[in-house]
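S.K.: Let me see the structure of the following:
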Amino acid sequence: MPNLVIAASASGDTTLLAAVSTKRWLVRKLVLVAKTAVDIKFKSGSTDVTGVMSFAANQTMVLPWQNEKDQAWLIGGAVNQALVINLSAAIVVGGFLVYDWVEG
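M.R.: Numbering: from 1, shown residues only. Sure, this is the predicted structure:
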């Protein structure tokens, strides 16, 4: 499965995965670290797919692998929508995620 590096530092929306016209994304594993305190949420395009998650300085979030066989996933997006991370302030947030593309 593909993975990507999360490297966000701008306040507001940062696109992590561009939209694909006939597919939707599913996040299977996620690791995040915030350098200082910040609120983070994920979006499918402009629609929230998580609530606001408040991070303290150097706080880490690890959401473990979701087995492909179980068809489980952590968060998922709508067809033709980007995966977006939203930060409440211009704070360095890093990590990675493992994702999959599925047909509409």
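S.K.: Could you pull out the helices in this structure for me?
M.R.: Per DSSP state H, the chain carries no helices over any range.
S.K.: just for it, where's the confidence low?
M.R.: Counting by pLDDT under 70, the ranges of the chain that qualify are 66-72.
S.K.: Can you get me a residue count around Thr60?
M.R.: 10 (other CB atoms under 10 Å). Placement of C-beta: from N, CA and C, glycine included.
S.K.: For Val31, which non-adjacent residue is spatially closest?
M.R.: Gly95 (4.3 Å; CB to CB, 6 or more residues apart in numbering).
S.K.: Is that neighbour in contact with Ala34, as I believe?
M.R.: No. Applying CB atoms under 8 Å, one finds Gly95 not in contact with Ala34, separated by 9.2 Å.
S.K.: if we can go back for a sec, could you list every residue that touches the residue nearest to Val31?
M.R.: Going by CB atoms under 8 Å, 6 or more residues apart in numbering, Gly95 touches Val5, Ile6, Leu30, Val31, Leu32, Val33, Met61.
S.K.: can you tell me the distance between the two ends of stretch 13-22?
M.R.: From its first residue to its last, stretch 13-22 covers 23 Å (CA to CA, to the nearest Å).
S.K.: What residues of that stretch count as buried?
M.R.: Asp13, Thr14, Leu16, Leu17, Ala19, Val20 (16 or more other CB atoms under 10 Å).
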